[in-house]
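please find the sequence and the predicted model below.
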Amino acid sequence: MIAKILAKRNVWAVCDKTQYPLYYMLLILGLNQSIRPNNPNLFRCYSWFVFFLLVFTTGRKFHQIGVKPNGDRETIEEFFGNPRSLITLCNALLLLSGLLASSLLYNLGGKRLGPLKSLCEMTLINRSKEHTKRHFAFNIFLAMFTGSLALIMAATYALSKWGYLVYIIGTPNLSSETIFCVVLDSYALFISRCAISAAAILFYQHCSVIRRSIKHLINEMVPDEQEECPLPESAMQKIHECQKTYQKIANGKAVIEEYYSLALFYAYGVCIPIFCFLLFVAMSAKTICWSETLSISIWIINAVVVLLLFSIPAFKIHEDGDRLLTTSFRMYHETFHEERDLTVLAQITFFVFQVHSTRLTLSACNYFYMNRSILLSLFSSILTYFLILWEFDVKNKEDINLKNITSHFRFKV
């Protein structure tokens with residue numbers, strides 16, 4: 001309701017006002033102050049407090065990996081055989097990804113998003129009021145869903161630490177931890193979860209701007225109704241306008257890749273280990289109750305949602321770029337067969353070469369390109385890592401049983 005009321009005020013510069021629920025969620029969490037023209041010192045101090053809290057809790061959680069409740073360190077065999085240690089590692093990876101996502105959100109202040117703003121203004125011209133209302137309601141749902149899921153994860157962590165739930169999620173239950181430390185960790189977990197989801201949602205929103213612009217350009221290149229034999233001047237003007245629009249799209253794609261390339265890389269690099277470790281914990285546990293199943297399911301749902309929000313928009317941009325390339329060849333074919341002068345043919349040839357040489361495909365730090373084939377690599381990686389962990393666990397159990405049998409025979413002798 002607050003976002004809906006303040007969205008009517010035209011004092012803060014956000015191109016698409018349907019994104020106000022997301023930006024106000026970030027404003028409340030202290031992760032982004034870009035919608036305020038003047039940031040008071042109180043908001044700045046709050047933002048720095050949140051950032052240093054994430055840094056402190058992330059380092060503290062990584063230090064707790066492999067620590068027993070009495071403070072001793074576990075061996076490698078004990079670490080992979082103990083579900084508590086794997087859950088602690090998942091907590092640390094989640095806090096690390098939340099820290100990186102919060103750093104990304106701090107940088108997304110709208111200072112260098114000029115190409116995206118120009119594309120957004122161009123695509124908002126043809127948007128109807130009904131579509132704007134639906135998009136605004138959808139963003140409200142995303143903000144509420146993000147906050148609710150993060151709150152459930154933080155509450156599950158705190159309740160498990162205080163003994164109201166099973167011990168496995170809130171591990172390790174160290175004797176040195178106090179109520180203040182538990183509250184601090186739960187709040188950091190809540191902020192991290194919200195930061196990751198907000199970064200993924202903003203990535204989806206920015207990719208949607210590029211996709212709408214591509215569809216608008218395709219309709220301009222090959223309209224349903226066009227002149228059979230337009231004059232060379234009008235043909236040159238049409239090609240020139242298409243070139244300018246495509247250059248804006250390419251610049252917008254470059255801005256998205258500049259900000260989100262690292263996010264795409266660590267989203268796959270963090271979600272895959274978390275997914276594998278959680279599956280391993282669920283499959284290797286001898287006895288597992290409903291609360292453990294519910295908690296692990298929430299973690300897996302979070303990982304899957306983040307992967308889909310980062311993957312599907314990038315896949316769609318790649319596919320829309322292929323359609324744009326096909327449309328450019330069709331436009332070249334129609335122009336070539338209309339026997340225009342050499343200037344028009346040279347202009348359309350240069351435009352087709354421009355579209356072909358600058359493919360609209362996002363990359364993850366130039367390590368891999370975001371297309372549908374990466375999903376096959378993702379699932380194969382998850383299956384491979386899971387089988388490696390499973391084989392390691394089976395071998396470890398066989399060694400333990402062999403040692404027990406050997407010690408039993410020695411005792412008899």
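Done, it's in.

from memory residue 252 sits against residue 213, does it?
Yes. Counting by CB atoms under 8 Å, residue 213 is a contact partner of residue 252 at 7.1 Å. Every residue, glycine included, has its C-beta placed from N, CA and C.

so where's the stretch 101-250 of the chain uncertain?
109-119, 121-126, 161-177, 223-233 (pLDDT under 70).

which ones are touching residue 309?
The neighbours of residue 309, taking CB atoms under 8 Å, 6 or more residues apart in numbering as the test, are 197, 200-201, 203-204.

that one: which element?
helix 290-336 (DSSP states H and E).

re the thing from before, in helices only, show me the contacts of residue 309.
Secondary structure defined by DSSP state H assigns 197, 200-201, 203-204 of the contacts of residue 309 to helices.

need those in JSON lines with neighbour count, can you?
Converted to JSON lines, these look like this (neighbours: other CB atoms under 10 Å):
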{"residue": "197", "neighbour count": "25"}
{"residue": "200", "neighbour count": "25"}
{"residue": "201", "neighbour count": "21"}
{"residue": "203", "neighbour count": "23"}
{"residue": "204", "neighbour count": "17"}
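
and which of those is nearest residue 143?
Taking CB to CB as the measure, residue 143 sits nearest to residue 201 out of those, at 8.1 Å.

may I have the distance across stretch 356-373, first residue to last?
Taking CA to CA, to the nearest Å, the first and last residues of stretch 356-373 lie 21 Å apart.

next one: residue 140 from residue 100, what distance?
26 Å (CB to CB, to the nearest Å).

no, scratch that, I was asking about residue 279
Taking CB to CB, one finds residue 279 at 24 Å from residue 100.

so for these two, which sits in the more crowded spot?
A count of neighbours by other CB atoms under 10 Å puts residue 100 above the other of residue 279 and residue 100, at 22 against 18.

so that one sits against residue 266, correct?
Yes. Counting by CB under 8 Å, residue 100 touches residue 266, with 5.8 Å between them.

how close does residue 147 get to residue 297?
Counting by CB to CB, the gap from residue 147 to residue 297 is 19 Å.

between the two, tell me which one has more neighbours.
Shown here are residue 147 and residue 297; by other CB under 10 Å, residue 147 has more neighbours (18 against 12).

OK, contacts around the more buried one?
25, 194.

so which strand or helix has it?
Assigned by DSSP H and E, residue 147 falls in helix 129-161.

CA atoms of stretch 50-66 as PDB?
C-alpha atoms of stretch 50-66 as PDB (Å, rounded to 0.1, in the frame of the first residue of the first chain):
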ATOM      1  CA  VAL A  50      23.800  -4.100   7.100                       C
ATOM      2  CA  PHE A  51      26.900  -4.500   4.900                       C
ATOM      3  CA  PHE A  52      29.300  -5.000   7.800                       C
ATOM      4  CA  LEU A  53      26.800  -7.300   9.500                       C
ATOM      5  CA  LEU A  54      26.900  -9.600   6.400                       C
ATOM      6  CA  VAL A  55      30.700  -9.500   6.300                       C
ATOM      7  CA  PHE A  56      30.900 -10.400  10.000                       C
ATOM      8  CA  THR A  57      28.400 -13.200   9.900                       C
ATOM      9  CA  THR A  58      29.800 -14.700   6.700                       C
ATOM     10  CA  GLY A  59      33.300 -14.900   8.100                       C
ATOM     11  CA  ARG A  60      32.000 -16.200  11.400                       C
ATOM     12  CA  LYS A  61      29.900 -18.900   9.600                       C
ATOM     13  CA  PHE A  62      32.900 -20.000   7.500                       C
ATOM     14  CA  HIS A  63      34.900 -20.300  10.700                       C
ATOM     15  CA  GLN A  64      32.300 -22.600  12.200                       C
ATOM     16  CA  ILE A  65      32.500 -25.100   9.300                       C
ATOM     17  CA  GLY A  66      33.700 -28.500  10.700                       C
END
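
in it, what's buried?
Residues of stretch 50-66 classed as buried by neighbour count (16 or more other CB atoms under 10 Å): 50-51, 53-54, 57-58, 61, 64-66.

ok, and what's touching that stretch?
29-31, 73-74, 79, 85, 88-89, 91-92, 95-96, 98-99, 102-103, 106, 172, 174, 184-185, 187-189, 191-192.

what's the neighbour count on residue 106?
Using other CB under 10 Å: residue 106 sits among 18 other residues.

ok, now how distant is it from residue 50?
According to CB to CB, residue 106 stands 10 Å off from residue 50.

what residues are shared contacts of the two?
Counting by CB under 8 Å, 6+ apart, the residues touching both residue 106 and residue 50 are residue 31.

for residue 200, what are its contacts?
Taking CB under 8 Å, 6+ apart, one finds 263, 267, 305-306, 309-310 in contact with residue 200.

what two of those have the greatest distance between them?
The widest separation within the contacts of residue 200 (CB to CB) is 14.7 Å, between 263 and 305.

so between these two, which is more surrounded?
residue 263 (23 against 17).

make sure the more buried one is actually in contact with residue 198.
No. Counting by CB under 8 Å, residue 263 stays clear of residue 198, with 11.2 Å between them.

which neighbours do the two have in common?
Common neighbours of residue 263 and residue 198 (CB under 8 Å, 6+ apart) are residue 101.

can you tell me the closest non-neighbouring residue to residue 306?
Leaving aside its sequence neighbours, residue 306 sits nearest to residue 200 (CB to CB, 6 or more residues apart in numbering; 5.3 Å).
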